[in-house]
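[1] output the structure for:
(chains A and B)
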Amino acid sequence: MEISGAEIVTRCLQEEGVEFVFGYPGGAVLEIYDAIFKQDQFKHVLVRHEQAAVHAADAYSRSSNKVGVALVTSGPGATNAITGIATAYMDSIPMVVLSGQVGTPVIGSDAFQEVDMVGCSRPIVKHNFLVKDVRDLAATFKKAFYIAATGRPGPVVIDIPKDVTMTKCVFEYPKSVSIRSYNPPTKGHPGQIKKAAQLLSEAKRPFIYVGGGAVQGGAGDLVTELVKHLNVPCTNTLMGLGALDGTDPNFVGMLGMHGTYEANLAMQYCDVLIAIGARFDDRVISVPSQFLSNPKKIVHIDVDPSSIAKRVKVDVPIVGDVRHVLTDLIAVLKETGLKPNPDALGQWWKQIDEWRKPNCLLYTPSTEVIKPQHVIETLWKVTNGEAIVTSDVGQHQMWAAQYYKFRRPKQWINSGGLGTMGFGLPAAMGAQLANPDAQVACVTGEGSIQMNIQELSTCKQYHTPVKVLSLNNRYLGMVRQWQEFFYGTRYSESYMDALPDFVKIAEAYGHVGFKVENPADVEPVLKEAFGPSLKERLVFIDFRTDQTENVFPMIQNGKGLNQMDLPAHMRGMQQVPFDNNRDYGNLA
Amino acid sequence: MRHILSILIENEAGALSRVTGLFSARGYNIDSLTVQTTEDATLSRMTIVTHGSDDVIEQITKQLNKLIEVVKVIDLNEAEHIERELMLIKVRATGKDRDEMKRMAEIFRGRIIDVTEKSYTIELTGAGDKLDAFIKAIDPAVILETVRTGASGIGRGERILRV
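    Numbering: from 1, shown residues only, chains lettered A, B, ... in the order given. The predicted structure is shown next:
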């Protein structure tokens, strides 16, 4: 039996087990929306702006093991989706975005709501398709979902002209897919894995550095097993948080521009580094030459060969799926009994403990003004560290990353690569739909939240009871911090006058709003927000926080990992190399 | 350093722009690019001449391989290879230049493929430096127009790039 292209679209989504489609209708996708109306296997979530549809689909994917799906119309619908697609691309998130297109006969004629979506999205997708023949539609969907989810994951766009959705053909969903030009790696090279094990056994100062690849690759348990088996210190990147439990004694905190003192110094001064699903990006290692100024052997495990030797030359590259490679590496270590020298490792731990001792995340508490760090610590306490936390971009994002000790992978959802303000609220929505029973918190600021605040309306419609914690310092805080440090306190356009009454906004959208100004109210209000009486409600909390608080530690552009700006109680501390000849005997 | 990359890519709409887009987005250089379908109509063969440090060339190769439609990439520089480029050059051929141009074409083993009272069009094939040498050897004032294809390359002997 022949069915229309639009019906084929919905059938394909059903075949892929899609649960939610986040989207917004328009002229070019009316046929598809009609087909959606006639089916009830998956739900459609009507957002208020296409960017939010893509962020929600993205976070749906980040907080589950499924491929997120967004649907937008041609022209402005498609271009509004671009920021969301770029966000997912930078963080390697599997996603399929369907965009409507004008009819094939008028493509290229500057038709109403026409934009070259394949061209616009080309640099920010893993792959994209323009389907010009309805007979190609089903096979294209099969390929798109396969490409999105395998290898290094990423967003795939399918651009569908309106006439294709109206044309009929027989539907048959391919059972399998094989693309001769696309063969994602699975197992790592056994010889390389043996070399990695050998290097570890020769290490005096081993260190494990884990990125978003381990989270996306579902390898948190194996990372933990490796770290525990070797008893080696471990750091997670911003994207890797949760791969190793943030409360684990082997965890030395996040590293990078706002990483901990101990993580950054361990990264700088280790002698054997195991990088797992991480890409040595500029916010992590700063300047490669500085990073390499202390010699170290590097093992780099990644599914994407182009991530290896992109910024830093490595000694043992291992291309493969992180689960496969770690399974094999752990097996080799166990079989051979290879381990770092225990005496040297003991010395290394003493050094790390010394770096840990001053607690670089210590901040000055206040009874007068709310400290943003205190809000995050209290959030952790109130949610027992179990909430899914999304964030926007800026100071609040860094504080959430530093102070919420994520227990497991996929619990922390933020735009790490692209740094997209406006991500947090739609992401919280997507995460809540993927995890209906989870507590979901969106940590944001008064700047970021206003970039997609209209989604409060969507949250109302679909009953997503997320808790929005806005750290409102009346500044674009991270911009203000840089202007304070590097631009002579000239706060150019980083202050927003005429902020709205967020409590009233929340209430106008049908939610619950609180304004908190007194530090003593932080905990009771959070308890109430996450308590049983408001379990089913979205709660927006406008925390009036300290306007001048800065994020520390901080590595300025161009500086090395051992040249951090430290918080007041640690200013002037030596960030000197590990000394093999030093006696660390009396550290306690 | 100059490198010559051979690429087998699916013969699909937009595949070329993925390749060129990659070069511009990542700041790589394209010195020349040729592309045509192969004996297998589903595949195109592309030759890209580029330059950069070894690290850059390694990244270019990896990034090309990452494109879904790219089937295979080889760096011809890694072994013996042959490259050829075609040039069509139209020159003024009047008075004493008329004989001179004919003679020069013969020396460089070119062929005159179009003749008018005032001009010759010469077809010349060879490695890029041979074509450069021809242009240098003749009086710049007589050159009316040049068209060059950019290099096409192939490995020597048993070195074969195919699916």
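
[2] what parts of chain B come near chain A?
    Chain B has residues B:9-10, B:13-14, B:17-18, B:21, B:25, B:55, B:58-59, B:62-63, B:65-66, B:68-71, B:163 near chain A, with proximity defined as Cβ under 8 Å from any Cβ of the partner chain. (Each C-beta comes from the backbone N, C-alpha and C, glycine too.)

[3] which of those are buried?
    For these, a burial check counting by 16 or more other Cβ atoms under 10 Å in any protein chain shown picks out B:9, B:10, B:18, B:58, B:59, B:62, B:63, B:66, B:68, B:69, B:70, B:71.

[4] so what's the residue count around the closest residue to chain B within chain A?
    For chain A and chain B, the shortest gap (Cβ to the nearest Cβ) falls at residue A:306, measuring 3.8 Å. Residue A:306 has 19 neighbouring residues, counting by other Cβ atoms under 10 Å in any protein chain shown.

[5] quick one, what contacts it?
    The contact partners of residue A:306, by Cβ atoms under 8 Å, 6 or more residues apart in numbering or on different chains, come to B:59, B:62, B:63, B:65, B:66.

[6] from those, which single one is nearest residue A:77?
    Within those, proximity to residue A:77 (Cβ to Cβ) peaks at residue B:66, which comes in at 28.3 Å.

[7] which residues sit in contact with that closest one?
    With contact taken as Cβ under 8 Å, 6+ apart, residue B:66 is in contact with A:304, A:305, A:306.

[8] how is chain A carved up into domains?
    As assigned by automatic domain parsing, chain A contains the domains A:2-170, A:190-356, A:372-544.

[9] same list (those domains) but as a markdown table, adding mean pLDDT.
    Rendered in a markdown table, the data for these read as follows (pLDDT from 0 to 100):
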| stretch | mean pLDDT |
| --- | --- |
| domain A:2-170 | 98 |
| domain A:190-356 | 97 |
| domain A:372-544 | 97 |
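
[10] just the ones of the buried ones among the residues of chain B next to chain A in helices?
    B:18, B:58, B:59, B:62, B:63, B:66 (DSSP state H).

[11] just the buried ones among the residues of chain B next to chain A now: which is nearest residue B:104?
    residue B:9 (38.0 Å).

[12] quickly list what that closest one is bridged to.
    Beta-bridge partners for residue B:9, by DSSP bridges, are residue B:44, residue B:70.

[13] over to residue A:2?
    Taking DSSP bridges as the rule, residue A:2 bridges to residue A:170.

[14] quick one, phi psi at residue A:513?
    phi -120, psi 140 (degrees, to the nearest 10).

[15] what is the neighbour count of it?
    Other residues near residue A:513 number 19, with proximity taken as other Cβ under 10 Å.

[16] wait, isn't it in contact with residue A:503?
    Yes. Distance between residue A:513 and residue A:503: 3.4 Å, which falls inside the contact criterion (Cβ atoms under 8 Å).

[17] quick check: closest non-adjacent residue to the residue of chain A closest to chain B.
    residue B:62 (3.8 Å; Cβ to Cβ, 6 or more residues apart in numbering or on different chains).

[18] surely that neighbour and residue A:302 touch.
    No. Between residue B:62 and residue A:302 there is no contact under Cβ under 8 Å: 11.1 Å.

[19] hmm, back to that, closest one of the ones in helices among the buried ones among the residues of chain B next to chain A to chain A?
    residue B:62 (3.8 Å).

[20] for residue A:206, what are its contacts?
    A:200, A:230, A:232, A:233, A:270, A:271, A:272, A:273, A:274, A:340, A:345, A:348.

[21] which SSE is the last one in?
    It refers to residue A:348. Using DSSP states H and E, residue A:348 sits in helix A:342-356.

[22] and that helix, which residues are buried?
    A:344, A:345, A:347, A:348, A:349, A:350, A:351, A:352, A:355, A:356.

[23] name the helices or strands packed onto it?
    Identification of packing neighbours for helix A:342-356 by 3 or more Cβ pairs under 8 Å, 6 or more residues apart in numbering or on different chains; DSSP states H and E yields helix A:261-269.

[24] which elements pack onto the helix it packs on?
    Helices and strands in packing contact with helix A:261-269 are listed as strand A:206-210, strand A:234-236, strand A:251-254, helix A:342-356; criterion 3+ Cβ pairs under 8 Å, 6+ apart.

[25] what's the angle from it to helix A:342-356?
    Here helix A:261-269 runs at an angle of 130 degrees relative to helix A:342-356 (axes from the mean of the first three to the mean of the last three Cα atoms, to 10 degrees).

[26] contact partners for residue 122?
    No chain was given, so I picked chain A. Listed by Cβ under 8 Å, 6+ apart, the contact set of residue A:122 reads A:128, B:14, B:17, B:18, B:21.

[27] sorry, I should have been clearer: chain B.
    Listed by Cβ under 8 Å, 6+ apart, the contact set of residue B:122 reads B:88, B:89, B:90, B:91, B:101, B:105, B:110, B:111, B:112, B:113.

[28] host element of the fifth one?
    Assessed by DSSP H and E, residue B:101 sits inside helix B:96-107.

[29] the buried ones among the residues of chain B next to chain A into a markdown table, with extra columns for pLDDT?
    Formatted as a markdown table, the entries for those read as follows, by pLDDT from 0 to 100:
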| residue | pLDDT |
| --- | --- |
| B:9 | 97 |
| B:10 | 97 |
| B:18 | 97 |
| B:58 | 95 |
| B:59 | 96 |
| B:62 | 96 |
| B:63 | 97 |
| B:66 | 97 |
| B:68 | 97 |
| B:69 | 97 |
| B:70 | 97 |
| B:71 | 97 |
